[in-house]
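Asks: need a 3D model of the following:
(one chain, ligands or ions: 2)
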Amino acid sequence: MPSDTSPTLSAHDEGNALDRRGLMLILSSPSGAGKTTISRMLLERDPHIRNSVSCTTRAPRPGEVDGRDYHFVGQDQFDRMAEDGEFLEWAHVFGKSYGTPKAQVKAGLKAGQDYIFDIDWQGTQQLYQKLERDVVRIFLLPPSIEELRRRLTGRGTDSAEVIAARMERARSEISHWDGYDYVVVNDDIDACFAKVKQILASERLRRARQTGLIGFVRGLMEPDDELG
Ligand SMILES: Nc1ncnc2c1ncn2[C@@H]1O[C@H](COP(=O)(O)OP(=O)(O)OP(=O)(O)O)[C@@H](O)[C@H]1O
Ligand SMILES: Nc1nc2c(ncn2[C@@H]2O[C@H](COP(=O)(O)O)[C@@H](O)[C@H]2O)c(=O)[nH]1
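Replies: Ligands and ions are numbered 1, 2, ... in the order given. This next block holds a predicted model:
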């Protein structure tokens, strides 16, 4: 029998697992490749992961909700927050400012909470420099440049000018693919989602994240009273 101080198996993730530290799942891609779609699918289906809601100075798109999709802030407020060190990372993207608020994430990770980040390569590098062991980096690629244009146009949320600017940046965004742990081509959405889920499931099982393992293994290795 394990002693009183041995950890018990706790309900965590799918099925029972040991207590563990949370992880930061980063999704990056050229604009329109499918980060938001995959993030939403994950958030709807997996109760153990939360969205890291960024601040941005860009205007809301139709259907976007303040506080859920982004915190929409003015440039002055964003600059003040950056100056006060309120961001884990921040960057200028497509002429606007975007940043990840620090609040919650650090404490959440310690308590075993996972977070999903839809951020660009600049933010990914900053998070990796600060929290390397917590970060899992996935880059999504479109099946072709033509399909990327079709998706940006078909989304119907941006002006022709905005779409042209994002297409113009697509190749330079794609050039950062090799700064990621995993690269997934988002051709079929369900197949892509299945791969992202597989990555998440494996990363949750990493030994270094399983903070309950040391005590659990110690308990297993204690002498068995019944054997004498
Ligand atoms: N595998 C797919 N097949 C077809 N359409 C897709 C697929 N994945 C995403 N889409 C569609 O492509 C459009 C762009 O997707 P989404 O908004 O998720 O991209 P994004 O990478 O988050 O873009 P941004 O960086 O501009 O926010 C959406 O209309 C979405 O429904
Ligand atoms: N470095 C950061 N990049 C971010 C953040 N939030 C979003 N993004 C990236 O910006 C572009 C454009 O996003 P959109 O919603 O305007 O289409 C995209 O690549 C996002 O991943 C952030 O907090 N930090």
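
Asks: check which helix or strand Leu88 maps to.
Replies: strand 87-93 (DSSP states H and E).

Asks: by contact count, what packs against that strand?
Replies: helix 75-83, strand 96-101, helix 121-131 (3 or more Cβ pairs under 8 Å, 6 or more residues apart in numbering; DSSP states H and E). For the C-beta atoms, the positions are set from N, CA and C on the backbone; glycine is no exception.

Asks: for Tyr115, which of these is the nearest?
Replies: strand 96-101 (9.3 Å; Cβ to Cβ).

Asks: and the next element down the chain from the closest one?
Replies: Following strand 96-101 in sequence order, the next helix or strand is helix 105-110 (DSSP H and E).

Asks: average pLDDT across that next one?
Replies: Mean pLDDT, helix 105-110: 88.

Asks: and the angle from the helix or strand just after it to strand 96-101?
Replies: Per DSSP H and E, the first helix or strand lying C-terminal to helix 105-110 is strand 114-118. Using axes from the mean of the first three to the mean of the last three Cα atoms, to 10 degrees, the inter-axis angle of strand 114-118 relative to strand 96-101 is 170 degrees.

Asks: so which elements touch strand 114-118?
Replies: Packed next to strand 114-118, using 3+ Cβ pairs under 8 Å, 6+ apart, are strand 24-28, helix 35-45, strand 49-51, helix 105-110.

Asks: now for the residue in the chain that ligand 2 sits nearest to: which residues touch it?
Replies: Proximity of the chain to ligand 2 (Cβ to the nearest ligand atom) peaks at Gly123, 2.5 Å away. Shown in contact with Gly123 (Cβ atoms under 8 Å, 6 or more residues apart in numbering): 26, 89-91, 98-100, 117.

Asks: buried members of those residues into PyMOL, please.
Replies: Typed into PyMOL, the next command selects the buried ones out of the contacts of Gly123 (criterion: 16 or more other Cβ atoms under 10 Å):
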select buried, resi 26+89+90+91+98+99+100+117
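
Asks: alright, calling it a day.
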